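Asks: what's the 3D shape of this:
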Amino acid sequence: MSATLESLTTGVQVGAVLPLLTAVVQRPAWSAKWKKVVAVAASLVAGVVAVAADGGWDQFQHGKLTTVTILGVLAASQTSYDLVWKPSKLAPWLEALTTRKAPQQAE
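Replies: Residues are numbered from 1 along each chain as shown. Below you'll find the model as predicted:
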């Protein structure tokens, strides 16, 4: 398998599960804009970690492979969220589950 295809495969694998990890951080009350900013930032971070984990820190000297991996993470995370995690209600459920609830005041 070519190095580019391996990098893309790594990015897609990481991106497919990333929305579940991102849902732990995001909150239901956040606007769609802020949720998108967090998702894109998480994809960039996860892409960098995937590159380092797959080929070590020396892998960053190959700009094409780094870019392919990061874009693979971003594309797969957005696609898997829209096609799998959001319709299954799992990602929104995780957001709600991990949101800290304010204690109710005694009446």
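Asks: where does this structure dip in pLDDT?
Replies: Counting by pLDDT under 70, the low-confidence segments of the chain come to 1, 55-60, 101-107.
Asks: measure stretch 22-40 end to end?
Replies: Between the opening and closing residues of stretch 22-40 we find a distance of 10 Å, counting by CA to CA, to the nearest Å.
Asks: For the residue most central in space within the chain, pull up the helix or strand it's in.
Replies: The central residue of the chain, meaning the one whose C-alpha is nearest the mean C-alpha position (CA atoms, centre = their mean), is Leu18 at 3.3 Å. Under DSSP states H and E, the secondary-structure element containing Leu18 is helix 3-25.
Asks: Can you point out the buried residues in that helix?
Replies: Of the residues in helix 3-25, those buried under the neighbour-count criterion (16 or more other CB atoms under 10 Å) are 7-8, 10-12, 14-16, 18-20, 22-23. The way it works is simple: take the backbone N, C-alpha and C, and place the C-beta from them, glycine included.
Asks: Tell me the helices and strands packed up against it.
Replies: Applying 3 or more CB pairs under 8 Å, 6 or more residues apart in numbering; DSSP states H and E, one finds that helix 3-25 contacts helix 32-55, helix 63-80, helix 90-97.
Asks: mind checking how far it is from the chain centre?
Replies: 7 Å (CA atoms, centre = their mean, to the nearest Å).
Asks: Done for today, thanks.
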